[in-house]
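Enquirer: here's my sequence, what's the structure:
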Amino acid sequence: MCGRFALTATPDQTAALLGLAELEQFPARYNIAPTQPVLMALSGPPRMPGSNLPDRQAMLVRWGLIPAWVKDTGEFPLLFNARSEGAAGKASFKAAMRHRRALVPASGFYEWQQSGNGKKGQPYWIRPRNGGLVAFAGLVETYAEPGGSEMDTGAILTVNANADIAHIHDRSPVVIAPEDFARWLDCRALEPRDVADLLRPAQPDFFEAVPVSDLVNKVANTGPEIQDRGIVGPEPEKVRRQKPGADDSQMTLF
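Expert: I've put the predicted structure just below:
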């Protein structure tokens, strides 16, 4: 899954990756979390004659997709990820898969090593081994609220993690290669089945995983220090209250 990611590149670098004319200025974001606004790029109106840029447009969406048919958002789960294997047939995602496929620019994402006790384990900052930006596969849905206002919402598609990071978590975001941007975004001519081959794990050695401290666990921590290399140590053992007169030097099974 992907529950946190970062976008620390400049607007110019991000626009260059996505093939956009320009982007408004925005600060580096080190700890993007669900329900926050995220930048996505979609296919836009046909380009003007003589333009050498793709027909793409940028938009800010709430990270957490809400299908158009939802009546009560308070009782609907937060869909910030969509499993790519079944998204085209799932009621929550099939309309977006057909009509509103998107790219989500990112510098990398965070994942927590799976543990058997239900708690978050060691966090990792997972980034392209060669640096730079990547684009995750995204979906966009515009939700009309009962009062009449509209809200653009979105989700990130996930796939089985490749062998490099599967020991951390079994899922990871779908990465769309730049040469496949046009195919993925072309919802006019290409149906979900025509781009299903793009929903695959990243190539071997694409990612590297850097252990970081648990500062990333708190959404309020938004500075670059959350990406500093660090190890989360084991939780300290609880101190057992001794009975009066107990001998510290004696071992006990209880």
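Enquirer: from here on, contacts and neighbour counts on C-alpha atoms
Expert: OK.
Enquirer: quick one, strands of the stretch 101-250 of the chain?
Expert: 101-106, 108-112, 123-128, 134-144, 150-160, 171-173, 207-211 (DSSP state E, counting those that start in this stretch).
Enquirer: just checking: what are the partner strands of the first one?
Expert: Strands flanking strand 101-106 in the sheet, each with its direction: strand 37-43 (antiparallel), strand 134-144 (antiparallel) (DSSP bridges).
Enquirer: give the next helix or strand downstream of the helix ranked longest in the chain.
Expert: Ranked by number of residues, the top helix in the chain under DSSP state H is helix 11-18. Going down the chain from helix 11-18, the next helix or strand is strand 29-32, by DSSP states H and E.
Enquirer: could I get the strands of the stretch 101-250 of the chain in a markdown table, plus columns for mean neighbour count and distance to Asp228?
Expert: A markdown table is the format used below for the strands of the stretch 101-250 of the chain (neighbours: other CA atoms under 10 Å; distance: least, CA to CA, whole Å):
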| stretch | mean neighbour count | distance to Asp228 |
| --- | --- | --- |
| strand 101-106 | 25 | 18 |
| strand 108-112 | 24 | 13 |
| strand 123-128 | 22 | 9 |
| strand 134-144 | 24 | 20 |
| strand 150-160 | 23 | 25 |
| strand 171-173 | 25 | 21 |
| strand 207-211 | 18 | 8 |
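Enquirer: Cys187 is nearest to which of the ones you listed?
Expert: Each of the strands of the stretch 101-250 of the chain has some distance to Cys187 by CA to CA; the shortest is strand 101-106, at 7.0 Å.
Enquirer: only alpha carbons, please: show the longest helix of the chain as PDB.
Expert: The C-alpha coordinates for helix 11-18 follow below in PDB (Å, rounded to 0.1, in the frame of the first residue of the first chain):
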ATOM      1  CA  PRO A  11       7.600  23.100  -9.600                       C
ATOM      2  CA  ASP A  12       9.800  23.400 -12.800                       C
ATOM      3  CA  GLN A  13      11.200  19.900 -12.300                       C
ATOM      4  CA  THR A  14       7.700  18.500 -11.700                       C
ATOM      5  CA  ALA A  15       6.300  20.200 -14.700                       C
ATOM      6  CA  ALA A  16       9.100  18.900 -16.900                       C
ATOM      7  CA  LEU A  17       8.400  15.300 -15.800                       C
ATOM      8  CA  LEU A  18       4.700  15.600 -16.400                       C
END
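Enquirer: for the closest residue to Val175 other than its chain neighbours, give the beta-bridge partners.
Expert: The spatially closest residue to Val175, leaving aside those adjacent along the chain, is Phe136, at 4.6 Å (CA to CA, 6 or more residues apart in numbering). Under DSSP bridges, the beta-bridge partners of Phe136 are Val104, Val175.
Enquirer: low pLDDT regions in the stretch 51-200 of the chain?
Expert: 51-54, 116-118 (pLDDT under 70).
Enquirer: can you give me the helices for it?
Expert: 94-99, 181-185 (DSSP state H, counting those that start in this stretch).
Enquirer: format these as a markdown table; extra columns: distance to Pro173 and mean neighbour count.
Expert: Formatted as a markdown table, the helices of the stretch 51-200 of the chain follow (distance: least, CA to CA, whole Å; neighbours: other CA atoms under 10 Å):
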| stretch | distance to Pro173 | mean neighbour count |
| --- | --- | --- |
| helix 94-99 | 16 | 20 |
| helix 181-185 | 15 | 21 |
